[in-house]
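Peer 1: structure for the following, please:
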Amino acid sequence: MIKEFLQYLQYEKNYSSHTVLSYHTDLIQFCNFLQIDENQFSPGTVTAQQIQQWVLTLMSEKLSARTLSRKISTLKSLWHFLLTRSYAQQNPTLKIILPKTNKPLPAFFKQTEMETALDETFLPDNFESLRDHLIIEMFYLTGIRLSELISIKNTDIDLTEGNLRVIGKRNKQRIIPISKDFCIKLNHYIHKRNDEVEAYSAELFVRLNGKKLYPKMVYNLVHNTMSQVSSLHKTSPHVLRHTFATGILNQGADINAVKELLGHSSLAATQVYTHTSFDELHNIYNQAHPRAK
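Peer 2: Sure, this is the predicted structure:
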């Protein structure tokens, strides 16, 4: 049953292999607690008391609230699947409450730091330099994920209309507008790529050998570039995504529009950026209002 549940997550829900592996690890740990092999798992023999005891055991191991919450969610998802397939008649996870987690506010780069990182004064006019510069700028201008950037194909860019087609999580498609200035830069890069790279793949951004970029390469590029201009501990592509969302919300963008641009399935995922925006607004008020102090 566990194997079928994992296949359901991967092929029907289109969860990433990393997420499916996390679910599998959690379920193996639960089976180990029950002292059974995962192939021997039988939902009808599992009680709410056993699950509660497992949760108490996990708590005694000083796991973070976030990790504990994820493991409980794994069991809840499993029983939801079992009930919908009529593999179980009762749900022993119903009374198991997820622990409250204090989600840290997303870190983001300052506008001055982005301007420094995107300064083109001494940018060499060659394929690799232009590519690396445009990768940073595309993260900042569109808020796309690392996996989404790597997968952008030449046919996903419409330089005439000024838009970018992105295939996000669970194969959900969205269209993101891009500026005329950025389209000009992309067009210049494409010509350079076509001149300097003999054979290249269908992806927009490629290596000098013409092959597709890989995640660690892009992560290192962003980390090395942004760590030179920012003192943030984290300088990853995802921080550029946070920077995009925080920036346009601070400028008055509608939160529902930001949700669509980011490809969030739930508005709750986007609302975390409103806290950051409010903090920024609070700082501006304290600095500007004569009676604030």
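
Peer 1: would you map the strands across this protein?
Peer 2: Per DSSP state E, the chain carries strands over the ranges 157-158, 163-167, 173-177.

Peer 1: now the angle from the second one to strand 173-177?
Peer 2: Between the axes of strand 163-167 and strand 173-177, defined by axes from the mean of the first three to the mean of the last three Cα atoms, to 10 degrees, the angle is 150 degrees.

Peer 1: sheet partners, orientation included, of strand 163-167?
Peer 2: With DSSP bridges as the criterion, the sheet partners recorded for strand 163-167 are strand 157-158 (antiparallel), strand 173-177 (antiparallel).

Peer 1: for the ones you listed, which one sits closest to I72?
Peer 2: The stretch from those with the least distance to I72 (Cβ to Cβ) is strand 173-177; that distance is 31.1 Å. Bear in mind the C-beta positions are built from the backbone N, C-alpha and C, glycine included.

Peer 1: in that closest one, what's buried?
Peer 2: Residues of strand 173-177 classed as buried by neighbour count (16 or more other Cβ atoms under 10 Å): I176.

Peer 1: hmm, back to that, could I get the strands of the chain in TSV, plus columns for mean pLDDT and distance to N39?
Peer 2: Shown next, in TSV, are the strands of the chain (pLDDT from 0 to 100; distance: least, Cβ to Cβ, whole Å):
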stretch	mean pLDDT	distance to N39
strand 157-158	97	48
strand 163-167	96	35
strand 173-177	96	38
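
Peer 1: now for these, which one comes closest to S22?
Peer 2: The minimum distance between S22 and the strands of the chain falls on strand 163-167, with 22.3 Å, by Cβ to Cβ.

Peer 1: JSON lines for the strands of the chain, including distance to A288?
Peer 2: Putting these into JSON lines (distance: least, Cβ to Cβ, whole Å) gives the following:
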{"stretch": "strand 157-158", "distance to A288": "41"}
{"stretch": "strand 163-167", "distance to A288": "36"}
{"stretch": "strand 173-177", "distance to A288": "32"}
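
Peer 1: quick check: V222 vs N209, distance?
Peer 2: Applying Cβ to Cβ, to the nearest Å, the value for V222 to N209 is 21 Å.

Peer 1: before we move on, the earlier item: the strands paired with strand 163-167: which one's closest to Q89?
Peer 2: Nearest to Q89, of all the strands paired with strand 163-167, is strand 173-177, at 39.0 Å by Cβ to Cβ.

Peer 1: quick one: residues in contact with that closest one.
Peer 2: Judged by Cβ atoms under 8 Å, 6 or more residues apart in numbering, the contacts made with strand 173-177 from elsewhere in the structure are 142-144, 162-168, 260-261, 263.
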